[in-house]
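Visitor: Okay, predicted coordinates and the sequence, questions at the end:
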Amino acid sequence: MIKRIFDLFFSLLALIILSPAFVIIGLWVLLESPGGMFFRQERMGKDFRIFKLYKFRSMRPGSDAKGLLTIGGRDPRITRSGYFIRKYKVDELPQLINILKGDMCLVGPRPEVKRYTDMYNETQKQVLSVRPGLTDYASILYFNESDLLSQSANPEKTYIEEIMPAKLALNLKYISEQNFKTDLSIIAKTIQRIFS
């Protein structure tokens, strides 16, 4: 209950404070390429409930049909504005709306697409017993995930066999020790990672 109140208060406060930035970023995205301000994608939430995750659109329309993974900082599907907002994780800010709606919380396992959650084993499925979050241990450690994938000869295989299991192990670690202090620490480390 305290976690939900914390999420509601700070997501609403952040949306109010960042509303001018939302307008500027939204206009930048719209003026650069057609396709709308937001990108909506189905993700797997708590108790296997699918929801629509919001992001500022950083790629050209229809890009997700060419692959779910972003490979490297110069993926040709990414727009010019997209390079900036992805680099500083600004594209993730609309998920504050998902937090207000109750789909997500500030800290928790990052929500994954169904294609990958279908591959989870029984232990890994435990990450779907909690509400997904805007940030977590894995978000910090794999901050430059797309750059890591760009170094692989087979990015999809690398993600499924190496990165995804490692991220899920971190998610399970979070679930086993989650508390208010841990959440505050992860938020602080995420902010530090973005500005470093």
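Guide: Arrived safely, thanks for sending.
Visitor: show me where this structure has helices.
Guide: 2-32, 80-87, 95-101, 114-117, 137-141, 145-150, 155-158, 164-177, 180-195 (DSSP state H).
Visitor: among the ones you listed, where is the model least confident on average?
Guide: Taking the mean pLDDT of each of these, the lowest value is held by helix 145-150, a mean of 83.
Visitor: Give me the nearest residue to Leu96, chain neighbours excluded.
Guide: Ser11 (4.5 Å; Cβ to Cβ, 6 or more residues apart in numbering). C-beta: built from backbone N, CA, C; applies to glycine.
Visitor: Which of the helices of the chain sits closest to Arg57?
Guide: Nearest of the helices of the chain to Arg57, taken as Cβ to Cβ: helix 2-32 at 5.4 Å.
Visitor: Packing partners of the closest one?
Guide: strand 50-56, helix 80-87, helix 95-101, strand 105-107, helix 180-195 (3 or more Cβ pairs under 8 Å, 6 or more residues apart in numbering; DSSP states H and E).
Visitor: hmm, back to that, the residue nearest to Leu96 is in contact with Gly102, isn't it?
Guide: No - contact criterion Cβ atoms under 8 Å: Ser11 and Gly102 do not qualify, at 10.5 Å.
Visitor: The two: which is more packed in?
Guide: Remark: of Ser11 and Gly102, Ser11 carries more neighbours, 21 against 14, as counted by other Cβ atoms under 10 Å.
Visitor: re the thing from before, check the gap between the residue nearest to Leu96 and Ile187 for me.
Guide: As for Ser11, its distance to Ile187 is 12 Å (criterion: Cβ to Cβ, to the nearest Å).
Visitor: Identify the contacts common to those two.
Guide: Leu106 (Cβ atoms under 8 Å, 6 or more residues apart in numbering).
Visitor: Now the closest residue to Ile160 other than its chain neighbours. Its backbone dihedrals?
Guide: Once flanking residues are discounted, Ile160 sits nearest to Met119: 6.6 Å by Cβ to Cβ, 6+ apart. Main-chain torsions, Met119, degrees, to the nearest 10: phi -90, psi -10.
Visitor: ok, Lys52 touching Arg40?
Guide: Yes - assessed by Cβ under 8 Å, Lys52 is found in contact with Arg40 at 4.7 Å.
Visitor: Stretch 104-111 spans what distance, first to last residue?
Guide: 8 Å (Cα to Cα, to the nearest Å).
Visitor: returning to that earlier point: of the helices and strands packed on helix 2-32, which approaches Leu18 most closely?
Guide: Here helix 95-101 is closest among the helices and strands packed on helix 2-32 (Cβ to Cβ), at 7.8 Å.
Visitor: So what touches the closest one?
Guide: 7-8, 11-12, 14-15, 18, 51, 53-55, 104-106, 134.
Visitor: out of those residues, who's nearest Asp91?
Guide: Using Cβ to Cβ, these come closest to Asp91 at Lys55, 4.8 Å.
Visitor: mind listing what the residue lying closest to Phe38 once chain neighbours are set aside touches?
Guide: Once flanking residues are discounted, Phe38 sits nearest to Tyr54: 5.4 Å by Cβ to Cβ, 6+ apart. Each residue near Tyr54 by Cβ under 8 Å, 6+ apart is listed here: Phe38, Phe39, Arg40, Pro94, Gln95, Ile97, Asn98.
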